[in-house]
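# Sequence and predicted structure, then a few things I'm wondering about:
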Amino acid sequence: MRIFLAGASGAVGRLLVPLLVAAGHQVTGTARTAGGAERLRAQGAAAVPLDVFDAASVERTVADASPDAVIHQLTALAGGNRAENGRIRREGTRHLVDAARRAGVGRIVAQSISWAYEPGATPAVESTPLDLAAPPPRAAMVGSLRALEEAVAEIETHVVLRYGTFYGPGTWYAPGGALDAVLRGAPLDGPGAPPGAAMVGQVVPNDAISSFVHVADAARAAVAALGWPSGAVNVVDDEPAPARDWL
């Protein structure tokens, strides 16, 4: 299968590329830097630059790749930019979906998250409604996810991966990552603040339950999703825990 992987140089993407190549797929991945492009080529994929906010550029890039499927793993999490992340979900996804439809792509797999459900006393399942009544600033996050998932559903076969909180290499929750730095006294913003510190710094040791997923498992789920029917799927590990325990 010819795969167009948007976000190939991210924490999930860099683990996903070799899995796709090993499975026999032809991969075209997007990279933001020359180093990222070089890593993609070393992994056996073609590398292309992509400005996901430029609709015409996205259309050309996807058309040139002529993929059978698009995998959307784009985020702005590496820099901890909440506003840009929301913009990627809204505008970037819109451009990817429009480009995929024009290129005749019939399958898309897209990254979403599993903590945007409305509150409840039991673990959320895929049919649990999104928390559309949430107050700001959560409302902006939930709204951007709703826009992403509705856009993706325009492709004939669409799988939305509602990932748990990422841990593992390249994530905020890795040793030496943003949470580790904050717990050791790093500032939440301003000079010296690590990327993502402002967001992980909002975590308090309470009874709120979180579900996590290792980025390697997230990558394996994306490969498997190429053979799944349409729908949203929670992709989490089997150890949900209250913040007072895991923190």
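Perfect, thanks for sending it.

# What number of residues are in the vicinity of Ala11?
Ala11 has 23 neighbouring residues, counting by other CB atoms under 10 Å. Glycine gets a C-beta too; all of them are placed from N, C-alpha and C.

# How is it assigned, secondary-structure-wise?
The assignment at Ala11 comes out as coil when based on DSSP: H, G, I helix; E, B strand; the rest coil.

# Just to check, it is in contact with Tyr163?
No. The pair Ala11 / Tyr163 is not scored as a contact, 10.8 Å apart, by CB atoms under 8 Å.

# contacting residues around Glu154?
By CB atoms under 8 Å, 6 or more residues apart in numbering, the contact set of Glu154 is Val97, Arg101.

# same check, this time on Glu38
Applying CB under 8 Å, 6+ apart, we find Glu38 in contact with Ala47.

# Specify the residue positioned farthest from the middle of the chain.
The centre of the chain is farthest from one residue, Gly185, which by CA atoms, centre = their mean lies 28.0 Å away.

# Check for me that that residue belongs to a helix.
No. Using three-state DSSP, the secondary structure at Gly185 is coil, not a helix.

# roughly how far apart are it and Tyr167?
21 Å (CB to CB, to the nearest Å).

# repeat for Pro18
Computed with CB to CB, the distance linking Pro18 and Tyr167 is 20 Å.

# What ranges in the chain fall below the confidence cut-off?
Scanning the chain for pLDDT under 70 picks out the ranges 80.

# ok, 90 please
Within the chain, the ranges that satisfy pLDDT under 90 run 32, 76-83, 191-192, 198-199, 201-203.

# in it, which spans are helices?
With helices called from DSSP state H, the chain shows them at 13-22, 34-42, 55-65, 82-87, 93-102, 138-152, 178-183, 197-200, 215-225, 243-246.

# Please tabulate these in JSON lines and include distance to Val125 as additional columns.
Compiled in JSON lines, these are given as follows (distance: least, CB to CB, whole Å):
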{"stretch": "helix 13-22", "distance to Val125": "25"}
{"stretch": "helix 34-42", "distance to Val125": "36"}
{"stretch": "helix 55-65", "distance to Val125": "33"}
{"stretch": "helix 82-87", "distance to Val125": "25"}
{"stretch": "helix 93-102", "distance to Val125": "24"}
{"stretch": "helix 138-152", "distance to Val125": "16"}
{"stretch": "helix 178-183", "distance to Val125": "28"}
{"stretch": "helix 197-200", "distance to Val125": "26"}
{"stretch": "helix 215-225", "distance to Val125": "17"}
{"stretch": "helix 243-246", "distance to Val125": "21"}
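
# quick one: the closest residue to Ala241 other than its chain neighbours from Gly170, how far?
If the residues on either side of it in the chain are set aside, Ala241 comes closest to Ser210, at 6.4 Å by CB to CB, 6 or more residues apart in numbering. As judged by CB to CB, Ser210 and Gly170 stand 19 Å apart.

# and if you look at Ala139?
Ala139 sits at a distance of 29 Å from Gly170 (criterion: CB to CB).

# So those two - more neighbours on which side?
Gly170 (17 against 13).

# measure the nearest residue to that one once chain neighbours are set aside to His214 for me?
Residue nearest to Gly170 in three dimensions, not counting chain neighbours: Ala11, with 3.7 Å by CB to CB, 6+ apart. As judged by CB to CB, Ala11 and His214 stand 10 Å apart.
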